[in-house]
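Participant: No letters, just coordinates:
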């Protein structure tokens, strides 16, 4: 029954937007039709937040390497040369005396050194694990941003549809008011009705026309919000041809199961792991570091005068270095304590996120189920209100119904149409919220 009602709305919307498209063409520009999937794709392509998080994910992917963690050897090459001019005054043990000015000398050395960390309390392994978790964290943050972007587009898109459905109901009611005004005018011309009834009918039509103009403004504002979400110029001309179709197959069990897969909740779990790893990294600073060093050195000293005219050394070397932390003012101990507190805070943040999602899901589920039930009954009311309006209109044409009767029937039809449209939109919003929490949008 909901499907038939939505198809009925779609029929009216199609007629209205065909007229709008024709007017746009006459003005020299055409509005571009857009579907929900197209709106989502454009938003995901243009969304700046998504681009930023993609770049952040790329950064963490680049940094997730054993070399960044300090697990690979480092190789350094050095070359130094110093030339100088000095005054020389030497007295040697064999009685030789050297006294010269402007002695030219040169000291040069070159070396290649490689250093490999053998042990530092497991800090390298912990750092590599933290880099892996940071990459996972950036992926979940990107997933969360994508889910939020999709939900935002859907909210704005269906808001446009809702406002257009209001427009459709107003147009239908205006047609009835025009028929009523025409009948009253005809009866007034033959003396069956007075001016008061004619003036009241004209006022009612004017008020509805103004309401339609205000509704058109709301539609354009809703489109502007949709364009902003899609990161398009507000001058872009679009029209939406769609109905609000609610997925009635959403189950609480599925939402509750997928709630654990929410990217924000997964990111909170990863953050806890990261803080635990930071604890291990910080604690590892209390252990000694052992490195092995090797390389090749070349040294040459030359002088134009003096006891040593040439001194040249070269060859490989191999050594082991040990750094033992003994005391640094209890800084490491306090840093470990701070890291543990940060881990506790991460757990609390995760619990807060979980509680918020549980509460939001429960409220959305209640709104979803209640709206679905009310839609079924309101759909019947809408059909009855439509039949009643048609019947009263026919009776009014035959003179068997009063103006008050047709006004009341008209108001009942409008109110029922508004309620049905609101219930459909509220159910759709609740459905989108549930799927967003359950990480099911776009899947």
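Facilitator: Okay, I see it. Bear in mind that the values here come from a model prediction, so they are computed numbers and not experimental data.

Participant: Just name the shakiest helix or strand of this structure by mean pLDDT.
Facilitator: Within the chain, no helix or strand scores below helix 2-26, which has a mean of 34 by mean pLDDT, DSSP states H and E.

Participant: Run through this structure and note the low-pLDDT ranges.
Facilitator: Within the chain, the segments meeting pLDDT under 70 span 1-31, 305-307, 443.

Participant: In space, not sequence, find me the middle residue of it.
Facilitator: Nearest residue to the geometric centre of the chain (C-alpha atoms, centre = their mean): residue 145, 2.2 Å.

Participant: Make sure I have this right: that residue is in a strand.
Facilitator: No: remark: residue 145 does not belong to a strand; assigned using DSSP: H, G, I helix; E, B strand; the rest coil, it is helix.

Participant: That one and residue 50 touch, don't they?
Facilitator: Yes: counting by C-beta atoms under 8 Å, residue 145 does reach residue 50; the two are 5.4 Å apart. Just so you know, the C-beta spots here come from the backbone N, C-alpha and C atoms, and that holds for glycine as well.

Participant: now the strands for the chain?
Facilitator: Assigned by DSSP state E, the chain shows strands spanning 32-34, 74-91, 97-119, 238-240, 289-303, 310-323.

Participant: To residue 159, which of those strands lies closest?
Facilitator: Taking C-beta to C-beta, strand 238-240 is the member of the strands of the chain nearest to residue 159, at 9.9 Å.

Participant: Who are the packing partners of the closest one?
Facilitator: Strand 238-240 is packed against helix 2-26, strand 32-34, helix 123-189, helix 195-229, with contacts defined by 3 or more C-beta pairs under 8 Å, 6 or more residues apart in numbering; DSSP states H and E.

Participant: Distance to residue 416 added to the ones you listed, as JSON lines?
Facilitator: Shown next, in JSON lines, are those (distance: least, C-beta to C-beta, whole Å):
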{"stretch": "helix 2-26", "distance to residue 416": "11"}
{"stretch": "strand 32-34", "distance to residue 416": "29"}
{"stretch": "helix 123-189", "distance to residue 416": "9"}
{"stretch": "helix 195-229", "distance to residue 416": "16"}
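
Participant: Go through the ones you listed and pick out the most buried.
Facilitator: helix 123-189 (a mean of 20; mean count of other C-beta atoms under 10 Å).

Participant: how distant is that one from the center of its chain?
Facilitator: For helix 123-189, the distance from its own C-alpha centre to the chain's C-alpha centre is 15 Å (C-alpha atoms, centre = their mean, to the nearest Å).

Participant: repeat for stretch 73-90
Facilitator: In terms of C-alpha atoms, centre = their mean, the centre of stretch 73-90 is found 58 Å from the chain centre.

Participant: Likewise for stretch 287-299?
Facilitator: In terms of C-alpha atoms, centre = their mean, the centre of stretch 287-299 is found 48 Å from the chain centre.

Participant: got the buried residues for that stretch?
Facilitator: Residues of stretch 287-299 classed as buried under the neighbour-count rule (16 or more other C-beta atoms under 10 Å) are 289, 290, 291, 294, 295.

Participant: Surely the first one is in contact with residue 122?
Facilitator: No: counting by C-beta under 8 Å, no contact exists between residue 289 and residue 122, whose distance comes to 11.2 Å.

Participant: need the contact list for the residue nearest to the centre of the chain.
Facilitator: Counting by C-beta atoms under 8 Å, 6 or more residues apart in numbering, residue 145 touches 47, 49, 50, 53.

Participant: Residue 436 too?
Facilitator: Counting by C-beta under 8 Å, 6+ apart, residue 436 makes contact with 147, 148, 150, 151.

Participant: rerun that using 10 Å as the cut-off
Facilitator: Residues near residue 436 by C-beta atoms under 10 Å, 6 or more residues apart in numbering: 144, 147-148, 150-152, 154-155, 262, 357, 360-361, 364, 442.

Participant: What of residue 367?
Facilitator: Contact analysis of residue 367 by C-beta under 10 Å, 6+ apart lists 426, 427, 429, 430, 431, 433, 434.
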